[in-house]
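A.B. asks: sequence and computational prediction follow.
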Amino acid sequence: SQTIHQWPATLVQPVGSPLSLECTVEGTSNPNLYWYRQAAGRGLQLLFYSVGIGQISSEVPQNLSASRPQDRQFILSSKKLLLSDSGFYLCAWNRGQGQPQHFGDGTRLSIL
Amino acid sequence: KNEVEQSPQNLTAQEGEFITINCSYSVGISALHWLQQHPGGGIVSLFMLSSGKKKHGRLIATINIQEKHSSLHITASHPRDSAVYICAPPCTYSGGGADGLTFGKGTHLIIQP
């Protein structure tokens, strides 16, 4: 069966510090991968998606970047965090367009 | 961009009541997710449906693709159903073989014993 792992579960970082959140999927190959964010009091929003290694598409301009160094690994990064980067970050995968999405447990990021 | 409207935003009901949550979206789609988010934040996909009706236990989801409308029903509601329910059709701007989701603001459901 397929599983998705996301870590860390919670993270507290100072403004201006770097960020690296990791997501891995097991039990499938060549998944579509997604990063979403839920800011405080707001709905979830798509940040990045990837259909293959090294292929990243961004939906909104922001202080974050994403990378996919391996088939089942998706990383969300920032060089310098802003207060506005606080929120709940979710990774998800599916087998392809039109297929159900499966979500990780999320990372709650607080910026101080 | 697909605009998603969910109603009601907040709903408090008594245990056993029949619950209905509605979702309308602006851009035609082929399928839509209903998601459940518990207080800890974790999200579970309840349904992905493209037509008609799907049932899983006490949960029923319906969709009318032509009307751009979907509903989620809970029969014999229970306090453990308390959560945020989110309607999520695909984004219209993601493509190339991927279908990132766009999300409604969610319905905060509380079932009182």
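C.D. replies: Now that the structure is in, tell me what you want to look at. Numbering: from 1, shown residues only, chains lettered A, B, ... in the order given.
A.B. asks: tell me who's in contact with residue B:91.
C.D. replies: A:46, A:59, B:1, B:2, B:99, B:100, B:101, B:102 (Cβ atoms under 8 Å, 6 or more residues apart in numbering or on different chains). The C-beta positions use only the backbone N, C-alpha and C, and glycine is treated the same way.
A.B. asks: and for residue 43, the neighbour number?
C.D. replies: Just so you know, I chose chain A. By other Cβ atoms under 10 Å in any protein chain shown, the residues close to residue A:43 number 17.
A.B. asks: sorry, I should have been clearer: chain B.
C.D. replies: There are 27 residues near residue B:43, going by other Cβ under 10 Å.
A.B. asks: apart from its neighbours in sequence, what residue is nearest residue B:69?
C.D. replies: Computed as Cβ to Cβ, 6 or more residues apart in numbering or on different chains, the closest residue to residue B:69 that is not its neighbour in sequence is residue B:24, at 5.1 Å.
A.B. asks: right, and the one you found touches residue B:32 too?
C.D. replies: No. Using Cβ atoms under 8 Å, residue B:24 is not in contact with residue B:32; the gap is 10.8 Å.
A.B. asks: comparing the two, which shows the higher neighbour count?
C.D. replies: Using other Cβ under 10 Å, the more surrounded residue of residue B:24 and residue B:32 is residue B:32, with 24 against 18.
A.B. asks: okay, and the beta partners of the more buried one?
C.D. replies: Under DSSP bridges, the beta-bridge partners of residue B:32 are residue B:49.
A.B. asks: that one and residue B:78: what is the separation?
C.D. replies: Distance, residue B:32 to residue B:78, by Cβ to Cβ, to the nearest Å: 25 Å.
A.B. asks: picking that back up, between residue B:24 and residue B:32, which contacts overlap?
C.D. replies: residue B:70.
A.B. asks: what about the nearest residue to residue A:107 once chain neighbours are set aside, how many neighbours?
C.D. replies: Leaving aside its sequence neighbours, residue A:107 sits nearest to residue A:89 (Cβ to Cβ, 6+ apart; 4.7 Å). Neighbours of residue A:89 under the rule other Cβ under 10 Å: 24.
A.B. asks: my guess is residue A:89 meets residue A:109, correct?
C.D. replies: Yes. At 6.0 Å, residue A:89 counts as touching residue A:109 under the criterion of Cβ under 8 Å.
A.B. asks: who touches both of the two?
C.D. replies: residue A:21.
A.B. asks: could you dump the lowest-mean-pLDDT helix or strand in chain B to CSV, C-alpha only?
C.D. replies: Taking mean pLDDT, DSSP states H and E as the measure, chain B has strand B:43-49 as its least confident helix or strand, at a mean of 91. C-alpha atoms of strand B:43-49 as CSV (Å, rounded to 0.1, in the frame of the first residue of the first chain):
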residue,chain,number,x,y,z
ILE,B,43,-6.8,16.1,6.2
VAL,B,44,-8.6,13.0,5.0
SER,B,45,-10.1,12.6,1.6
LEU,B,46,-13.7,11.5,2.0
PHE,B,47,-14.8,11.3,-1.6
MET,B,48,-13.7,12.0,-5.1
LEU,B,49,-16.7,12.1,-7.4
